[in-house]
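> test case, fold it:
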Amino acid sequence: MPIKKALEISEEKRLDLVKIAPTANPPVCRIMDYGKYKYELAKKEKEARKNQKIINVKEIRLTPNIETHDLNVKAKTASKFLESGDKVKVSVRFRGREMGHTEIGREVLNDFAKLTGEFGIIEKPAKLEGRSMVMYLTPRTE
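Numbering: from 1, shown residues only. Predicted structure coming up:
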């Protein structure tokens, strides 16, 4: 229908004439209450944001020559983080000559993953980044 007639109808109903597909030939329009539409969109967006869970990334730092008790304590802390729904970044920092024995750091990270296996799974396996080896754990979803 012609634009003038559509405008008349929309004014008669006290609503807005909104272009849905302006690039189409002919352009597609809809008669609606635009203010109400925008309000409902904002309301839906707010509701979606409310239901969203924010995931934090907690970091735990280890050394290649960490003792078993210290490793167990750090694993227990990581398990608490995983239980609360946070991701955990586990990093082993190498200093000096330790860089020549990165396999020891990988073993430490594998042991750590076994200790926290009940609460989390490996998202990204151990990878050497500069002077540290990093591994990411995520909470188990069941």
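
> what residues sit buried inside stretch 26-39?
Residues of stretch 26-39 classed as buried by neighbour count (16 or more other CB atoms under 10 Å): residue 29. The C-beta positions use only the backbone N, C-alpha and C, and glycine is treated the same way.

> list the contacts of it.
Stretch 26-39 has contacts (CB atoms under 8 Å, 6 or more residues apart in numbering) with 6, 9-10, 13, 15-21.

> span of it from start to end?
28 Å (CA to CA, to the nearest Å).

> would you list the contacts of stretch 26-39 in JSON lines and tack on pLDDT, distance to residue 47 and secondary structure?
Below are those laid out as JSON lines (pLDDT from 0 to 100; distance: CB to CB, whole Å; DSSP: H, G, I helix; E, B strand; the rest coil):
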{"residue": "6", "pLDDT": "86", "distance to residue 47": "33", "secondary structure": "helix"}
{"residue": "9", "pLDDT": "89", "distance to residue 47": "33", "secondary structure": "helix"}
{"residue": "10", "pLDDT": "88", "distance to residue 47": "29", "secondary structure": "helix"}
{"residue": "13", "pLDDT": "88", "distance to residue 47": "29", "secondary structure": "coil"}
{"residue": "15", "pLDDT": "87", "distance to residue 47": "25", "secondary structure": "coil"}
{"residue": "16", "pLDDT": "86", "distance to residue 47": "24", "secondary structure": "strand"}
{"residue": "17", "pLDDT": "84", "distance to residue 47": "29", "secondary structure": "strand"}
{"residue": "18", "pLDDT": "84", "distance to residue 47": "23", "secondary structure": "strand"}
{"residue": "19", "pLDDT": "85", "distance to residue 47": "27", "secondary structure": "strand"}
{"residue": "20", "pLDDT": "85", "distance to residue 47": "24", "secondary structure": "strand"}
{"residue": "21", "pLDDT": "85", "distance to residue 47": "27", "secondary structure": "strand"}
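
> helix/strand/coil for the closest residue to residue 18 other than its chain neighbours?
The shortest distance from residue 18 to any non-neighbouring residue, by CB to CB, 6 or more residues apart in numbering, is to residue 30 (5.3 Å). Reducing the assignment at residue 30 to three states with DSSP: H, G, I helix; E, B strand; the rest coil gives strand.
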